[in-house]
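Undergrad: For reference, the sequence and a predicted model appear below.
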Amino acid sequence: MNRYVGRRTMTAASAIVECMKLESIRYVFCVPGESYLSVLDALYDEDSIQVISTRHESGAGFMAEGYAKASFQPGVVFATRAVGGSNAAIAIHTAYQDSTPMVVFLGQVKREVKGREGFQEIDLDRHFEHMAKWTMELNDPTRTAEIVQRAFRIAQSGRPGPVVISLPEDVLNEEVEISFGPVTPRPKPAPSETEIESVEKVLSHAKRPLIIAGGGVKSAQAEDNLKVCAEKWGIPVMTSFRRHDIFPNNHPLYVGHLGLGTHPNIQETVYEADTILALGTRLSEVTTQNYSILPPDKKLIHIDIHDGTLGKVSAPDVGIVADIEQALLLLENIYVNRTWKTWAKRRRNAYEEASKLKVSTDDPINKHVIDLLQKKLPDDSLLTNDAGNFAGWLHAYYSFTQKHTYIGPTSGAMGYGMPAALGAKLAFPDKSIISLSGDGGFMMTVMELETAVRFEIPIICLVFNNNMYGTIRMHQEMHYPGKVIATDLGAVSFKELAESMGVTGYQVSTPEGFEKTLNQVLGKEKLAVIEIMTGKEQISVSRTIEQIQKGN
């Protein structure tokens with residue numbers, strides 16, 4: 001609902017805040033900087049927006065990105081000049097690869113200094129143009145609302161993503177007459193009748209069709225529409241990389257997740273399929289298993305809201321630019337001769353065999369942890385994760401049965417899990433939010449525990465500690481066996497580190513210890529860190545270091 005549309009006299013800094021009010025922004029994540037003090041001053045006078053001041057710009061960016069994924073509202077970040085902007089770059093890149101709406105405001109040197117290599121000067125709009133949907137420098141204060149409102153439109157429309165606005169310090173304090181426009185609803189294009197008929201025609205010849213559902217389903221909030229169509233058509237569903245919660249994993253038509261280290265049973269499904277219906281996925285390198293799943297003889301129906309996505313990886317037989325919800329509403333009633341019931345059942349059985357979670361005393365603690373999370377967490381709990389081999393156990397064995405219960409970085413960013421969980425908790429204060437991190441990734445943004453303490457954001461952080469960069473060590477052992485370098489890490493007590501920042505910390509080394517600790521923290525709405533001591537030998541879900549060294 002628009003609060004104000006028209007012309008007003010105010011500073012550019014105040015106009016930026018007014019634009020955020022028009023967009024119903026509730027949270028701003030930042031590290032404060034002198035280059036945009038006037039915006040902070042305007043935010044001080046605005047009760048509807050809470051400023052979350054963080055310890056590092058990457059933490060601010062990851063919180064905003066996690067908040068945006070959870071809330072379906074743009075994440076907003078403020079940082080200062082070259083130093084702050086550079087620190088925020090990892091989160092901007094993550095938002096770009098993950099198609100997450102985010103608006104990033106970066107302080108800039110005064111206009112009179114520009115081009116003289118002033119203090120902390122870089123050309124911010126050019127620096128970020130290859131990892132953002134749009135970049136712009138605000139050099140005319142009268143255009144503040146035009147540019148900022150356009151930034152919010154671009155971030156949310158089409159394939160969502162990050163927008164970067166550079167703010168010269170002197171522009172922000174100028175008082176001018178500024179014109180505000182209405183907030184434009186996000187466009188939701190629908191397929192044409194001809195396009196719907198084309199889909200129906202291709203599916204009529206399919207013998208082994210498969211749906212691959214991606215982030216566009218989540219962005220359109222079309223999970224229920226997907227379920228309706230899949231059931232009507234009887235077509236099995238796979239999810240793209242780190243989009244597990246798009247489709248109930250316990251549904252008879254769910255046949256797996258296309259990620260890193262995908263089980264051969266699940267890979268077999270996508271290789272056997274003769275027709276792929278790709279919905280809201282850019283068919284990334286990981287999802288396509290290194291671009292191997294779409295040979296020329298396989299039929300491809302590709303539906304995405306971004307025209308640049310169609311044909312970027314494989315030329316589709318039918319390519320449709322559309323909002324996934326609108327597309328599925330129209331596709332729901334097409335005629336499909338369901339001749340693939342046996343195929344769907346067989347691929348479901350293959351998935352169940354691959355993901356069966358049976359634990360024994362010989363299994364690594366990582367597997368026990370996932371088993372206990374599955375048994376004890378409320379079904380609507382939301383999990384986030386960092387990048388790292390520890391996540392393999394989550395991806396392989398945890399069953400996501402409800403929508404909006406998972407957030408992970410398709411960009412593979414380390415340090416993401418815990419700050420993203422903080423953002424998600426602000427979006428869903430009544431959900432149990434659990435982050436999973438390795439010791440390497442957790443250490444990269446561990447300082448944001450203090451932010452969580454200061455703003456009383458209660459999440460549960462699981463830290464799998466094996467004193468090494470495990471993923472890289474695994475690749476070392478595979479490609480340069482016996483030549484271990486740069487991957488061993490020193491001993492850190494994350495329990496004690498957490499406690500030094502006012503967080504309740506625990507350290508466990510057995511499944512029994514983890515179960516007891518999880519029982520203590522669940523439902524308490526207290527910030528907690530559980531450090532899980534794991535061995536180096538079990539380096540991945542399927543192999544040990546010794547097995548890799550022996551070539552097994």
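TA: Okay, I see it.

Undergrad: tell me the mean pLDDT over the lengthiest helix in the chain?
TA: When the chain is parsed with DSSP state H, its longest helix is helix 81-97. The pLDDT scores in helix 81-97 average 95.

Undergrad: residue ranges for the helices of the stretch 251-400 of the chain, please.
TA: For the stretch 251-400 of the chain, applying DSSP state H, counting those that start in this stretch gives helices covering 264-272, 324-331, 341-355, 365-376, 391-397.

Undergrad: Pull out the buried positions in the third one.
TA: Of all the residues in helix 341-355, those buried under the rule 16 or more other Cβ atoms under 10 Å are Trp343, Ala344, Arg346, Arg347, Arg348, Ala350, Tyr351, Ala354, Ser355. Where you see a C-beta, it was placed from the backbone N, CA and C, and this is true even at glycine.

Undergrad: The second one reaches Met238, doesn't it?
TA: Looking back up the chat, that one is Ala344. No. Counting by Cβ atoms under 8 Å, Ala344 stays clear of Met238, with 11.7 Å between them.

Undergrad: Pull up the overlap in contacts between these two.
TA: The overlap between the contact sets of Ala344 and Met238 (Cβ atoms under 8 Å, 6 or more residues apart in numbering) consists of Val255.

Undergrad: what distance separates stretch 68-87 from the centre of its chain?
TA: Relative to its chain's centre, stretch 68-87 lies at 14 Å (Cα atoms, centre = their mean, to the nearest Å).

Undergrad: Same check on stretch 39-56?
TA: Its chain's C-alpha centre and that of stretch 39-56 lie 24 Å apart, by Cα atoms, centre = their mean.

Undergrad: Which parts of the stretch 1-150 of the chain are strands?
TA: 6-11, 27-30, 50-53, 75-80, 102-108, 134-137 (DSSP state E, counting those that start in this stretch).

Undergrad: Least confident of these, on average?
TA: Lowest mean pLDDT of those: strand 6-11, a mean of 91.

Undergrad: Contacts for that one next, please.
TA: 15, 18, 38, 42, 141, 172-180.

Undergrad: Of those, keep whichever come out buried.
TA: With burial judged by 16+ other Cβ under 10 Å, the buried subset of the contacts of strand 6-11 is Ala15, Glu18, Ser38, Ala42, Pro141, Leu172, Val176, Ile178, Phe180.

Undergrad: Among the residues you listed, name the ones in helices.
TA: Ala15, Glu18, Ser38, Ala42, Leu172.

Undergrad: Nearest to Gln120 among those?
TA: Leu172 (15.9 Å; Cβ to Cβ).

Undergrad: who are the neighbours in contact with the closest one?
TA: Contacts of Leu172 by Cβ under 8 Å, 6+ apart are Thr11, Ala12, Ala13, Ile16, Tyr36, Ser38, Val39, Pro141.

Undergrad: hmm, 7 Å instead?
TA: Thr11, Ala12, Ala13, Tyr36, Ser38, Val39 (Cβ atoms under 7 Å, 6 or more residues apart in numbering).

Undergrad: Look up how far Gly214 lies from the third one.
TA: Pointing back at Ala13 there. Computed as Cβ to Cβ, to the nearest Å, the Ala13 to Gly214 distance reads 38 Å.

Undergrad: of those two, who's got more company?
TA: Counted by other Cβ atoms under 10 Å, Ala13 and Gly214 do not tie: Gly214 has more neighbours, with 28 against 24.

Undergrad: Tell me how far that one lies from Thr384.
TA: Gly214 is 18 Å from Thr384, by Cβ to Cβ.

Undergrad: likewise Thr275?
TA: Distance from Thr275 to Thr384, counting by Cβ to Cβ: 34 Å.

Undergrad: more crowded one of the two?
TA: Neighbours of Thr275 and Thr384, each counted by other Cβ under 10 Å, are more numerous for Thr384; the result is 29 against 20.

Undergrad: Compare the strands of the stretch 1-150 of the chain and give me the one nearest Ala498.
TA: Short answer: strand 50-53, nearest of the strands of the stretch 1-150 of the chain by Cβ to Cβ, at 19.5 Å.

Undergrad: Name the residues that touch that closest one?
TA: Arg26, Tyr27, Val28, Phe29, Cys30, Val31, Pro32, Leu43, Met63, Thr451, Phe455.

Undergrad: Could you list the domains of the chain?
TA: Taking automatic domain parsing as the reference, the chain has its domains at 6-180, 193-354, 357-549.

Undergrad: Just list the residues touching Ala206, thanks.
TA: By Cβ under 7 Å, 6+ apart, the contact list for Ala206 reads Asp274, Thr275, Lys299.

Undergrad: Closest one of those to Leu518?
TA: Thr275 (43.2 Å).

Undergrad: doesn't Leu294 make contact with that closest one?
TA: No. With contact defined as Cβ atoms under 7 Å, Thr275 does not count as touching Leu294 (10.9 Å).

Undergrad: anything in contact with each of these two?
TA: Joint contacts of Thr275 and Leu294 (Cβ under 7 Å, 6+ apart) do not exist.

Undergrad: still on that earlier bit, Ala89 is nearest to which of the helices of the stretch 251-400 of the chain?
TA: Across these, Ala89 has its closest neighbour in helix 391-397 (22.6 Å, Cβ to Cβ).

Undergrad: Strand partners (parallel or antiparallel) of the following helix or strand past that closest one?
TA: Counting by DSSP states H and E, the element after helix 391-397 in chain order, helix or strand, is strand 406-407. Strand 406-407 has the following sheet partners, assigned by DSSP bridges: strand 382-385 (parallel).
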